[in-house]
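Student: Quick one, fold the following:
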Amino acid sequence: MGEQNILKVNPLPTLTWNHLMLNFANMPLEEKAQVKADIPAEFNGIETGMGGEFVSYVESHAGSVQLIRAGKGEDLGVIRDDNAGASAEVILIDAAEDSRVTFYSHVSGTKANGTQATRLVKVIAAARAQVTVIQSQTAGNDTMIGDDFGAIIGDEAGVHLIQVQLGGKAAFAGGCAALKGYKAGFTEETIYFGDESRRLDFSYVTRHTGKKTTTSMLASGALFGNSDKVYRGSMAFIHGCSRSKGREAENVLLFSPTARNRSIPLILCDEEDVDGQHAASIGKINKELMYYLQSRGLTESQARQLAVESRFNPVIDEIPDEAVRQEIHAYLERRMNLD
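Tutor: Numbering: from 1, shown residues only. Sure, this is the predicted structure:
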């Protein structure tokens with residue numbers, strides 16, 4: 001790599017003890033010739049999970065901006081990202097009232113453009129709009145991945161974010177949803193895979209300001225080798241968001257004694273009449289389950305893959321491309337060294 005920028009990314013909404021080294025992450029990215037992206041004013045100021053330094057970097061290095069506008073009541077179906085794998089790209093989605101948009105972007109080992117691939121998605125969802133954003137990647141071991149997301153969600157609108165983080169030498173990802181409207185809803189699903197010395201660092205934040213808003217954040221991962229993962233899941237219930245609900249849960253399978261896992265569920269509450277729940281399950285695969293699977297003729301590595309994919313498949317099945325789904329299954333099989 002050439003000259004690098006060290007960005008402060010994935011900051012916690014409120015700081016914890018410095019010695020834990022979890023308040024933020026440092027992400028190295030190449031310093032390239034800047035080409036300032038033309039961002040429409042309405043998208044400025046949207047908070048994202050990875051934070052302002054990452055947003056500034058991508059917006060000042062992206063050669064082009066993909067702007068998607070759905071008119072009132074319009075259903076745009078599935079829109080694919082033709083620029084996936086670029087060093088830096090910006091995608092802006094403006095969904096008018098009662099509209100529907102699905103945006104899908106996949107970076108594979110063959111599509112990644114050199115040593116880094118960064119994606120920034122910003123969404124404005126007006127009343128009753130439904131927006132789904134799917135970001136997946138099986139990048140090679142020489143690629144630095146950055147996937148960021150931010151949304152403003154209006155009355156009775158729903159936004160669904162899916163991130164599939166399986167490759168790269170390091171993967172940084174995040175999302176932030178501002179639930180401003182009455183009965184606004186946000187759903188986030190993440191699956192991740194770490195092996196060898198891969199670094200994984202995630203940060204997801206929801207800010208509830210509208211009444212009766214709902215959040216669901218679910219993550220599932222598998223860690224092998226010397227991989228290192230941090231997951232920050234934060235829900236902020238701000239005064240005035242009465243009768244809002246939020247749930248976050250993470251399930252981690254550890255397959256190596258040297259893999260490192262850190263999970264930080266955080267609930268910030270300034271409103272009494274709310275319901276916030278968080279949970280984390282971290283541990284090894286059940287020995288009885290492994291014995292049962294092997295007694296049915298599976299090898300140990302095949303049993304491991306079955307255990308991992310049984311957790312990943314509900315998210316993988318939401319990817320609207322059969323070829324990519326097959327690529328992901330083949331990638332996981334290869335990385336887990338099946339017999």
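Student: need the longest helix for the protein.
Tutor: Of all segments of type helix in the chain, defined using DSSP state H, the longest is helix 300-316.
Student: List the buried residues of that one.
Tutor: The neighbour-count check on helix 300-316 (16 or more other Cβ atoms under 10 Å) flags 302-305, 307-309, 312, 315-316 as buried. C-beta: built from backbone N, CA, C; applies to glycine.
Student: Which strands or helices does that helix pack on?
Tutor: Helix 300-316 sits against strand 158-165, strand 185-194, strand 214-223, strand 244-254, helix 287-295, helix 322-335, with contacts defined as 3 or more Cβ pairs under 8 Å, 6 or more residues apart in numbering; DSSP states H and E.
Student: The very next helix or strand once past the shortest one: partners in the sheet, and parallel or antiparallel?
Tutor: Toward the C-terminal end, the helix or strand that comes next after strand 158-165 (DSSP states H and E) is strand 170-179. Strand 170-179 has its sheet partners listed here by DSSP bridges as strand 144-153 (parallel), strand 199-208 (parallel).
Student: what mean pLDDT does strand 170-179 have?
Tutor: Model confidence over strand 170-179, given as mean pLDDT, is 98.
Student: so what's residue 211 up against?
Tutor: When the contact criterion is Cβ atoms under 8 Å, 6 or more residues apart in numbering, the partners of residue 211 are 182-183, 240-244.
Student: that older thread, could you dump the longest helix of the chain to CSV, C-alpha only?
Tutor: The C-alpha atoms that make up helix 300-316 are tabulated as CSV, following Å, rounded to 0.1, in the frame of the first residue of the first chain:
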residue,chain,number,x,y,z
GLU,A,300,-15.8,-33.2,11.6
SER,A,301,-15.3,-30.4,9.2
GLN,A,302,-18.6,-31.1,7.4
ALA,A,303,-20.3,-31.1,10.8
ARG,A,304,-18.7,-27.7,11.5
GLN,A,305,-19.9,-26.3,8.2
LEU,A,306,-23.4,-27.5,8.8
ALA,A,307,-23.5,-25.9,12.2
VAL,A,308,-22.3,-22.6,10.9
GLU,A,309,-24.5,-22.5,7.8
SER,A,310,-27.6,-23.5,9.8
ARG,A,311,-27.1,-20.1,11.5
PHE,A,312,-26.1,-18.2,8.4
ASN,A,313,-28.7,-19.6,5.9
PRO,A,314,-31.7,-17.4,7.0
VAL,A,315,-29.6,-14.3,6.0
ILE,A,316,-27.9,-15.8,3.0
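Student: gap between that helix and the chain center?
Tutor: Centroid separation between helix 300-316 and its chain, computed with Cα atoms, centre = their mean, to the nearest Å, is 20 Å.
Student: Not counting its own residues, what contacts that helix?
Tutor: Applying Cβ under 8 Å, 6+ apart, the contact partners of helix 300-316 are 162, 164, 189-191, 193, 220, 222, 251, 253, 255, 285, 289-290, 293-294, 298, 325, 328-329, 332-333, 336-339.
Student: let's see 7 Å
Tutor: Helix 300-316 has contacts (Cβ atoms under 7 Å, 6 or more residues apart in numbering) with 162, 164, 189, 191, 220, 222, 251, 253, 255, 285, 289-290, 293-294, 298, 325, 328, 332-333, 336-339.
Student: Drop anything exposed from the residues you listed.
Tutor: By the neighbour-count criterion of 16+ other Cβ under 10 Å, the contacts of helix 300-316 include these buried positions: 162, 164, 189, 191, 220, 222, 251, 253, 255, 285, 290, 293, 298, 325, 328, 332, 336.
Student: what stretches of this protein score poorly on pLDDT?
Tutor: Low-confidence regions of the chain, defined by pLDDT under 70, span residues 1-2, 110-114, 338-339.
Student: contacting residues around stretch 146-154?
Tutor: Residues external to stretch 146-154 that are found in contact with it (Cβ under 7 Å, 6+ apart): 27, 46-50, 54-55, 118-127, 133, 135, 159, 161, 163, 172-181, 184, 186.
Student: Tell me where the stretch 1-150 of the chain has helices.
Tutor: Listed in chain order, the helices of the stretch 1-150 of the chain (DSSP state H, counting those that start in this stretch) span 52-61.
Student: Same list, the buried residues of helix 300-316, but as TSV with distance to residue 3 please.
Tutor: Formatted as TSV, the entries for those read as follows, by distance: Cβ to Cβ, whole Å:
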residue	distance to residue 3
302	45
303	46
304	41
305	41
307	43
308	38
309	40
312	37
315	37
316	37
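Student: Of those residues, which is the nearest to residue 107?
Tutor: Minimum distance to residue 107 across the buried residues of helix 300-316 is 15.4 Å, recorded for residue 316 (Cβ to Cβ).
Student: Contacts only, for residue 157.
Tutor: With contacts defined as Cβ under 7 Å, 6+ apart, residue 157 is in contact with 125-129, 181, 184.
Student: Kind regards, and thank you for your time.
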